[in-house]
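A.B. asks: fold the following and give me the result.
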Amino acid sequence: MIQSDIFDSFYMNFKKIINSAVIFAITIVLPNLFLMGLGFFMKKRGQVSQAFIDQASYFVFNYCLPALLFFSVVDSEVDYAKQITLITAGIVTTFILFLGSEIYAKRFIANSADQGVFVQGIFRSNMAIIGLATVANAYGDIGLSIGAVYMGIVTILFNILAVITLSRVSKSLDDTRLSRSLMVIKKVFTNPLILALLAAFTYKALPLPPVPSVIHHTGDLLAAVALPLALLCAGASINLKAMLSLSGLSMQASIGRIVIAPLLAIAIGLAFGLTGVHMGVLFLMVASPTAAASYVMVKAMGGNDILAANILAFTTVVSLFGMALGAAVLRALGLM
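C.D. replies: Presented below is the predicted three-dimensional model:
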(Lines give C-alpha, C1' and ligand atoms only; values in the text may rest on other atoms or scores of the structure.)
Protein backbone atom coordinates (compact mmCIF):
# COMPACT_ATOMS: atom_id res chain seq x y z
CA MET A 1 0.00 0.00 0.00
CA ILE A 2 2.81 2.39 0.90
CA GLN A 3 4.67 1.49 -2.30
CA SER A 4 1.51 2.17 -4.32
CA ASP A 5 1.10 5.60 -2.72
CA ILE A 6 4.76 6.45 -3.44
CA PHE A 7 4.35 5.36 -7.06
CA ASP A 8 1.12 7.36 -7.45
CA SER A 9 2.77 10.44 -5.97
CA PHE A 10 5.79 10.05 -8.26
CA TYR A 11 3.55 9.56 -11.29
CA MET A 12 1.45 12.64 -10.50
CA ASN A 13 4.55 14.82 -9.99
CA PHE A 14 6.12 13.47 -13.19
CA LYS A 15 2.91 14.11 -15.12
CA LYS A 16 2.74 17.66 -13.73
CA ILE A 17 6.35 18.35 -14.78
CA ILE A 18 5.75 17.00 -18.29
CA ASN A 19 2.51 18.95 -18.72
CA SER A 20 4.20 22.13 -17.51
CA ALA A 21 7.12 21.58 -19.90
CA VAL A 22 4.84 20.95 -22.90
CA ILE A 23 2.73 24.03 -22.12
CA PHE A 24 5.91 26.12 -21.82
CA ALA A 25 7.19 24.87 -25.20
CA ILE A 26 3.85 25.51 -26.93
CA THR A 27 3.58 28.96 -25.36
CA ILE A 28 6.96 30.14 -26.65
CA VAL A 29 6.67 28.73 -30.18
CA LEU A 30 2.98 28.92 -31.10
CA PRO A 31 2.73 32.75 -31.28
CA ASN A 32 5.59 32.72 -33.79
CA LEU A 33 3.90 30.03 -35.87
CA PHE A 34 0.58 31.91 -35.82
CA LEU A 35 2.15 35.18 -36.99
CA MET A 36 4.21 33.44 -39.68
CA GLY A 37 1.11 31.53 -40.76
CA LEU A 38 -0.83 34.80 -40.99
CA GLY A 39 1.92 36.30 -43.16
CA PHE A 40 1.90 33.25 -45.42
CA PHE A 41 -1.92 33.33 -45.68
CA MET A 42 -1.97 37.06 -46.51
CA LYS A 43 0.64 36.58 -49.24
CA LYS A 44 -1.29 33.66 -50.75
CA ARG A 45 -4.49 35.72 -50.76
CA GLY A 46 -2.71 38.59 -52.47
CA GLN A 47 -3.31 40.88 -49.49
CA VAL A 48 0.36 41.81 -49.31
CA SER A 49 2.73 42.23 -52.22
CA GLN A 50 6.40 41.29 -52.51
CA ALA A 51 7.19 45.00 -52.63
CA PHE A 52 5.47 45.48 -49.26
CA ILE A 53 7.36 42.53 -47.76
CA ASP A 54 10.69 43.92 -48.98
CA GLN A 55 9.92 47.42 -47.68
CA ALA A 56 8.58 46.15 -44.35
CA SER A 57 11.62 43.90 -43.88
CA TYR A 58 13.90 46.89 -44.56
CA PHE A 59 11.93 48.98 -42.05
CA VAL A 60 12.16 46.27 -39.39
CA PHE A 61 15.88 45.64 -39.85
CA ASN A 62 16.96 49.28 -40.06
CA TYR A 63 14.62 50.96 -37.58
CA CYS A 64 12.41 48.69 -35.45
CA LEU A 65 14.90 46.02 -34.38
CA PRO A 66 17.63 48.59 -33.58
CA ALA A 67 15.11 50.46 -31.39
CA LEU A 68 14.13 47.21 -29.68
CA LEU A 69 17.75 46.28 -28.96
CA PHE A 70 18.80 49.77 -27.84
CA PHE A 71 16.00 50.28 -25.33
CA SER A 72 16.02 46.67 -24.07
CA VAL A 73 19.69 47.15 -23.10
CA VAL A 74 19.35 50.73 -21.79
CA ASP A 75 16.33 49.85 -19.62
CA SER A 76 17.65 46.53 -18.36
CA GLU A 77 19.22 45.94 -14.96
CA VAL A 78 20.98 42.82 -16.23
CA ASP A 79 24.68 42.58 -15.31
CA TYR A 80 26.17 42.06 -18.76
CA ALA A 81 29.57 41.15 -17.35
CA LYS A 82 27.94 37.95 -16.05
CA GLN A 83 26.92 36.90 -19.56
CA ILE A 84 30.50 36.09 -20.62
CA THR A 85 30.05 32.35 -20.03
CA LEU A 86 26.93 32.28 -22.20
CA ILE A 87 28.60 34.27 -24.99
CA THR A 88 31.70 32.06 -24.84
CA ALA A 89 29.49 28.96 -25.11
CA GLY A 90 27.79 30.52 -28.16
CA ILE A 91 31.11 31.31 -29.83
CA VAL A 92 32.42 27.78 -29.19
CA THR A 93 29.19 26.27 -30.57
CA THR A 94 29.43 28.44 -33.70
CA PHE A 95 33.08 27.55 -34.32
CA ILE A 96 32.42 23.81 -33.92
CA LEU A 97 29.47 23.97 -36.33
CA PHE A 98 31.54 25.98 -38.81
CA LEU A 99 34.64 23.76 -38.68
CA GLY A 100 32.61 20.53 -38.69
CA SER A 101 30.54 21.58 -41.70
CA GLU A 102 33.68 22.86 -43.51
CA ILE A 103 35.38 19.47 -43.07
CA TYR A 104 32.23 17.65 -44.23
CA ALA A 105 31.82 19.97 -47.24
CA LYS A 106 35.42 19.58 -48.40
CA ARG A 107 35.22 15.81 -48.13
CA PHE A 108 31.76 15.07 -49.54
CA ILE A 109 30.74 18.07 -51.71
CA ALA A 110 32.58 18.39 -55.02
CA ASN A 111 31.09 21.64 -56.33
CA SER A 112 32.76 24.66 -54.73
CA ALA A 113 29.67 26.80 -55.42
CA ASP A 114 27.72 24.51 -53.05
CA GLN A 115 30.28 24.16 -50.27
CA GLY A 116 29.99 27.64 -48.75
CA VAL A 117 26.19 27.60 -49.05
CA PHE A 118 26.06 24.27 -47.20
CA VAL A 119 28.39 25.51 -44.45
CA GLN A 120 26.54 28.80 -43.95
CA GLY A 121 23.20 27.00 -43.91
CA ILE A 122 24.36 25.00 -40.89
CA PHE A 123 26.21 27.48 -38.67
CA ARG A 124 24.25 30.72 -39.32
CA SER A 125 20.94 30.87 -37.46
CA ASN A 126 18.13 33.41 -37.57
CA MET A 127 18.81 34.99 -34.18
CA ALA A 128 17.46 38.47 -34.91
CA ILE A 129 13.89 37.39 -35.70
CA ILE A 130 12.98 33.80 -34.78
CA GLY A 131 15.56 33.43 -32.00
CA LEU A 132 14.89 36.79 -30.34
CA ALA A 133 11.10 36.43 -30.64
CA THR A 134 11.15 32.97 -29.03
CA VAL A 135 13.49 34.11 -26.24
CA ALA A 136 11.15 37.06 -25.55
CA ASN A 137 8.17 34.69 -25.40
CA ALA A 138 10.04 32.43 -22.97
CA TYR A 139 11.70 34.91 -20.60
CA GLY A 140 10.26 38.37 -21.22
CA ASP A 141 12.38 41.51 -20.94
CA ILE A 142 15.27 39.85 -19.08
CA GLY A 143 15.61 37.17 -21.76
CA LEU A 144 15.31 39.83 -24.46
CA SER A 145 18.16 41.88 -22.97
CA ILE A 146 20.46 38.87 -22.57
CA GLY A 147 19.51 37.58 -26.03
CA ALA A 148 20.23 40.98 -27.58
CA VAL A 149 23.79 41.01 -26.24
CA TYR A 150 24.36 37.39 -27.29
CA MET A 151 23.06 38.16 -30.77
CA GLY A 152 25.20 41.27 -31.15
CA ILE A 153 28.46 39.44 -30.38
CA VAL A 154 27.71 36.26 -32.33
CA THR A 155 26.43 38.22 -35.36
CA ILE A 156 29.91 39.69 -35.78
CA LEU A 157 31.32 36.15 -35.85
CA PHE A 158 28.61 35.06 -38.30
CA ASN A 159 29.60 37.80 -40.75
CA ILE A 160 33.29 36.95 -40.57
CA LEU A 161 32.77 33.21 -41.06
CA ALA A 162 30.21 33.74 -43.86
CA VAL A 163 32.67 35.83 -45.87
CA ILE A 164 35.40 33.22 -45.32
CA THR A 165 33.31 30.25 -46.46
CA LEU A 166 31.64 32.01 -49.42
CA SER A 167 34.77 33.73 -50.75
CA ARG A 168 35.89 30.51 -52.45
CA VAL A 169 33.29 31.08 -55.19
CA SER A 170 33.68 34.82 -55.65
CA LYS A 171 33.99 35.67 -59.34
CA SER A 172 35.55 39.08 -58.79
CA LEU A 173 39.12 39.69 -59.96
CA ASP A 174 39.47 42.10 -57.06
CA ASP A 175 38.79 39.34 -54.52
CA THR A 176 41.83 39.46 -52.27
CA ARG A 177 42.47 38.95 -48.57
CA LEU A 178 42.35 42.73 -48.13
CA SER A 179 39.03 43.06 -49.97
CA ARG A 180 37.53 40.28 -47.86
CA SER A 181 38.72 41.95 -44.67
CA LEU A 182 37.22 45.25 -45.78
CA MET A 183 33.96 43.46 -46.61
CA VAL A 184 33.80 42.00 -43.09
CA ILE A 185 34.54 45.39 -41.50
CA LYS A 186 31.87 47.05 -43.65
CA LYS A 187 29.27 44.41 -42.82
CA VAL A 188 29.97 44.68 -39.09
CA PHE A 189 30.09 48.46 -38.79
CA THR A 190 27.15 49.17 -41.09
CA ASN A 191 24.90 46.58 -39.40
CA PRO A 192 22.11 48.57 -37.66
CA LEU A 193 21.69 45.92 -34.97
CA ILE A 194 25.35 45.97 -33.96
CA LEU A 195 25.40 49.79 -34.08
CA ALA A 196 22.30 49.93 -31.84
CA LEU A 197 23.94 47.66 -29.26
CA LEU A 198 27.20 49.64 -29.34
CA ALA A 199 25.21 52.85 -28.83
CA ALA A 200 23.28 51.30 -25.93
CA PHE A 201 26.41 50.10 -24.12
CA THR A 202 28.09 53.48 -24.66
CA TYR A 203 25.04 55.29 -23.29
CA LYS A 204 24.96 53.08 -20.19
CA ALA A 205 28.70 53.43 -19.61
CA LEU A 206 28.71 57.23 -19.71
CA PRO A 207 27.23 59.45 -16.97
CA LEU A 208 24.36 60.61 -19.19
CA PRO A 209 20.84 61.62 -18.10
CA PRO A 210 17.90 59.25 -18.77
CA VAL A 211 16.57 59.14 -22.30
CA PRO A 212 13.91 61.89 -22.68
CA SER A 213 10.42 60.43 -22.30
CA VAL A 214 9.22 61.52 -25.76
CA ILE A 215 12.19 59.80 -27.44
CA HIS A 216 11.77 56.74 -25.23
CA HIS A 217 8.07 56.49 -26.06
CA THR A 218 8.81 56.79 -29.79
CA GLY A 219 11.45 54.05 -29.44
CA ASP A 220 8.98 51.86 -27.55
CA LEU A 221 6.43 52.20 -30.35
CA LEU A 222 9.03 51.21 -32.95
CA ALA A 223 10.23 48.32 -30.77
CA ALA A 224 6.67 47.02 -30.33
CA VAL A 225 6.35 46.69 -34.11
CA ALA A 226 9.67 44.88 -34.60
CA LEU A 227 9.06 41.21 -33.85
CA PRO A 228 5.40 40.88 -34.96
CA LEU A 229 6.09 42.57 -38.32
CA ALA A 230 9.33 40.61 -38.76
CA LEU A 231 7.47 37.32 -38.20
CA LEU A 232 4.71 38.33 -40.63
CA CYS A 233 7.34 39.09 -43.27
CA ALA A 234 9.14 35.81 -42.55
CA GLY A 235 5.91 33.89 -43.06
CA ALA A 236 5.03 35.80 -46.22
CA SER A 237 8.49 35.03 -47.60
CA ILE A 238 8.14 31.24 -47.23
CA ASN A 239 8.50 29.57 -50.61
CA LEU A 240 6.63 26.26 -50.53
CA LYS A 241 8.01 25.24 -53.91
CA ALA A 242 11.57 25.69 -52.64
CA MET A 243 10.70 23.95 -49.39
CA LEU A 244 9.31 20.89 -51.18
CA SER A 245 12.09 20.81 -53.80
CA LEU A 246 14.75 19.57 -51.43
CA SER A 247 17.84 17.98 -52.93
CA GLY A 248 20.01 15.55 -51.03
CA LEU A 249 22.45 18.35 -50.23
CA SER A 250 19.83 20.77 -48.93
CA MET A 251 18.36 18.00 -46.78
CA GLN A 252 21.81 17.28 -45.31
CA ALA A 253 22.29 20.97 -44.49
CA SER A 254 18.79 21.15 -43.00
CA ILE A 255 19.51 18.17 -40.76
CA GLY A 256 22.67 19.92 -39.62
CA ARG A 257 20.70 23.06 -38.74
CA ILE A 258 17.58 21.43 -37.27
CA VAL A 259 19.06 18.41 -35.46
CA ILE A 260 22.83 18.64 -35.01
CA ALA A 261 23.08 22.35 -34.11
CA PRO A 262 20.51 22.22 -31.24
CA LEU A 263 22.00 19.00 -29.82
CA LEU A 264 25.47 20.54 -29.93
CA ALA A 265 24.16 23.68 -28.19
CA ILE A 266 22.77 21.55 -25.36
CA ALA A 267 26.04 19.63 -25.01
CA ILE A 268 28.12 22.83 -25.00
CA GLY A 269 25.69 24.48 -22.58
CA LEU A 270 26.00 21.57 -20.15
CA ALA A 271 29.78 21.61 -20.50
CA PHE A 272 29.79 25.30 -19.53
CA GLY A 273 27.36 24.71 -16.67
CA LEU A 274 24.52 26.78 -18.14
CA THR A 275 21.01 26.49 -16.71
CA GLY A 276 17.79 28.50 -16.69
CA VAL A 277 17.62 31.57 -18.91
CA HIS A 278 21.23 31.17 -20.08
CA MET A 279 20.70 27.62 -21.33
CA GLY A 280 17.40 28.76 -22.83
CA VAL A 281 18.96 31.65 -24.73
CA LEU A 282 21.80 29.47 -26.06
CA PHE A 283 19.44 26.68 -27.16
CA LEU A 284 16.80 28.90 -28.77
CA MET A 285 19.34 31.08 -30.59
CA VAL A 286 21.25 28.09 -31.98
CA ALA A 287 18.12 26.04 -32.75
CA SER A 288 16.59 28.82 -34.88
CA PRO A 289 16.29 28.27 -38.65
CA THR A 290 18.91 29.37 -41.15
CA ALA A 291 19.26 33.16 -41.25
CA ALA A 292 17.48 34.99 -44.08
CA ALA A 293 20.65 37.06 -44.56
CA SER A 294 22.46 33.90 -45.68
CA TYR A 295 20.48 33.85 -48.96
CA VAL A 296 21.29 37.52 -49.65
CA MET A 297 25.01 36.96 -49.07
CA VAL A 298 25.09 33.80 -51.21
CA LYS A 299 23.43 35.67 -54.09
CA ALA A 300 25.86 38.59 -53.76
CA MET A 301 28.96 36.36 -53.71
CA GLY A 302 28.07 34.03 -56.58
CA GLY A 303 27.11 30.90 -54.66
CA ASN A 304 24.29 28.45 -55.38
CA ASP A 305 21.29 30.64 -54.52
CA ILE A 306 18.75 27.88 -55.31
CA LEU A 307 20.35 25.62 -52.71
CA ALA A 308 20.37 28.53 -50.23
CA ALA A 309 16.64 29.19 -50.84
CA ASN A 310 15.77 25.51 -50.32
CA ILE A 311 17.64 25.33 -47.01
CA LEU A 312 16.12 28.62 -45.83
CA ALA A 313 12.53 27.64 -46.68
CA PHE A 314 12.68 24.16 -45.14
CA THR A 315 14.44 25.13 -41.90
CA THR A 316 12.20 28.20 -41.38
CA VAL A 317 9.15 25.97 -40.99
CA VAL A 318 10.50 22.72 -39.54
CA SER A 319 12.96 24.16 -37.01
CA LEU A 320 10.14 25.70 -34.96
CA PHE A 321 8.85 22.23 -34.13
CA GLY A 322 12.37 21.16 -33.15
CA MET A 323 12.65 24.23 -30.92
CA ALA A 324 9.39 23.31 -29.20
CA LEU A 325 10.46 19.70 -28.65
CA GLY A 326 13.89 20.68 -27.32
CA ALA A 327 12.42 23.36 -25.05
CA ALA A 328 9.93 20.86 -23.61
CA VAL A 329 12.68 18.33 -22.83
CA LEU A 330 15.03 20.93 -21.31
CA ARG A 331 12.18 22.39 -19.24
CA ALA A 332 11.16 18.95 -17.98
CA LEU A 333 14.76 18.29 -16.91
CA GLY A 334 14.92 21.64 -15.10
CA LEU A 335 17.66 22.97 -17.40
CA MET A 336 15.75 25.78 -19.11
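A.B. asks: mind jotting down where the strands sit in the chain?
C.D. replies: Using DSSP state E, no strands are found in the chain.
A.B. asks: any idea how many residues pack against the closest residue to Ala148 other than its chain neighbours?
C.D. replies: Closest residue to Ala148 apart from its sequence neighbours, by Cβ to Cβ, 6 or more residues apart in numbering: Leu69 at 4.6 Å. (C-beta placed from N, C-alpha, C; glycine too.) Each residue near Leu69 was counted by other Cβ atoms under 10 Å, and the total is 29.
A.B. asks: dump the residue contacts of Leu69.
C.D. replies: By Cβ atoms under 8 Å, 6 or more residues apart in numbering, the contact set of Leu69 is 148, 151-152, 193, 196-197, 200.
A.B. asks: give me the pLDDT value at it.
C.D. replies: On pLDDT, Leu69 comes in at 91.
A.B. asks: next one: Leu284
C.D. replies: At Leu284 the predicted local confidence, pLDDT, stands at 97.
A.B. asks: for the one 10 residues further on, same thing?
C.D. replies: The predicted local confidence for Ser294 comes out at a pLDDT of 84.
A.B. asks: for Asp114, same thing?
C.D. replies: For Asp114, the pLDDT comes out at 89.
A.B. asks: is it true that it touches Ser247?
C.D. replies: No - contact criterion Cβ atoms under 8 Å: Asp114 and Ser247 do not qualify, at 9.5 Å.
A.B. asks: hey, what's in contact with both of the two?
C.D. replies: Common neighbours of Asp114 and Ser247 (Cβ under 8 Å, 6+ apart) are Leu307.
A.B. asks: what about those two, which has more around it?
C.D. replies: Legend: neighbour count by other Cβ under 10 Å for Asp114 and Ser247, higher for Asp114 (21 against 14).
A.B. asks: list the contacts for that one?
C.D. replies: 105, 249, 303-304, 307.
A.B. asks: which one of those is nearest to Val60?
C.D. replies: Nearest to Val60 among these, counting by Cβ to Cβ, is Gly303 at 24.9 Å.
A.B. asks: spatially, what comes nearest to that closest one if we skip its sequence neighbours?
C.D. replies: What sits nearest to Gly303 in space, not counting adjacent residues and going by Cβ to Cβ, 6+ apart, is Val117, at 4.7 Å.
A.B. asks: just give the number of residues close to the one you found.
C.D. replies: Val117 sits with 32 neighbouring residues when counted by other Cβ under 10 Å.
A.B. asks: distance of it relative to Asn111?
C.D. replies: In this view, Val117 and Asn111 are 10 Å apart by Cβ to Cβ, to the nearest Å.
A.B. asks: most centrally placed residue in this structure?
C.D. replies: Closest residue to the average C-alpha location of the chain: Met127 at 2.0 Å, with Cα atoms, centre = their mean.
A.B. asks: and that residue, what does it touch?
C.D. replies: Listed by Cβ under 8 Å, 6+ apart, the contact partners of Met127 are 147, 150-151, 154-155, 285, 288, 291.
A.B. asks: and it, how far from Ser179?
C.D. replies: The gap separating Met127 from Ser179 is 27 Å, by Cβ to Cβ.
A.B. asks: burial measure for Met12, as a count.
C.D. replies: By other Cβ under 10 Å, the residues close to Met12 number 10.
A.B. asks: next: Val74.
C.D. replies: If you count neighbours by other Cβ under 10 Å, Val74 ends up with 18.
A.B. asks: ok, now which ones touch it?
C.D. replies: Going by Cβ under 8 Å, 6+ apart, Val74 touches 200, 203-204, 211.
A.B. asks: in helices only, show me these.
C.D. replies: Counted as lying in helices by DSSP state H, out of those, are 200, 203-204.
A.B. asks: give me the pLDDT value at the residue nearest to Leu161 when sequence neighbours are not counted.
C.D. replies: Closest residue to Leu161 apart from its sequence neighbours, by Cβ to Cβ, 6+ apart: Phe98 at 5.1 Å. We have a pLDDT of 97 for Phe98.
A.B. asks: is Phe98 in contact with Phe123, as I believe?
C.D. replies: Yes - in this structure, Phe98 is within contact of Phe123 by Cβ under 8 Å, at 4.5 Å.
A.B. asks: who's more crowded, the two?
C.D. replies: Per other Cβ under 10 Å, whichever of Phe98 and Phe123 has more neighbours is Phe123, with 28 against 22.
A.B. asks: which residues touch the more buried one?
C.D. replies: Phe123 sits next to 94, 97-98, 101, 158, 161, 261 when contact means Cβ under 8 Å, 6+ apart.
A.B. asks: quick one: which of the residues you listed is most hemmed in?
C.D. replies: Ala261 (28 neighbours).
A.B. asks: what sits against that residue?
C.D. replies: Ala261 touches 93, 97, 122-123, 125, 286-287, counting by Cβ under 8 Å, 6+ apart.
A.B. asks: and which of these is nearest Ser254?
C.D. replies: Distances from Ser254 to those, taken as Cβ to Cβ, are shortest for Ile122 (8.9 Å).
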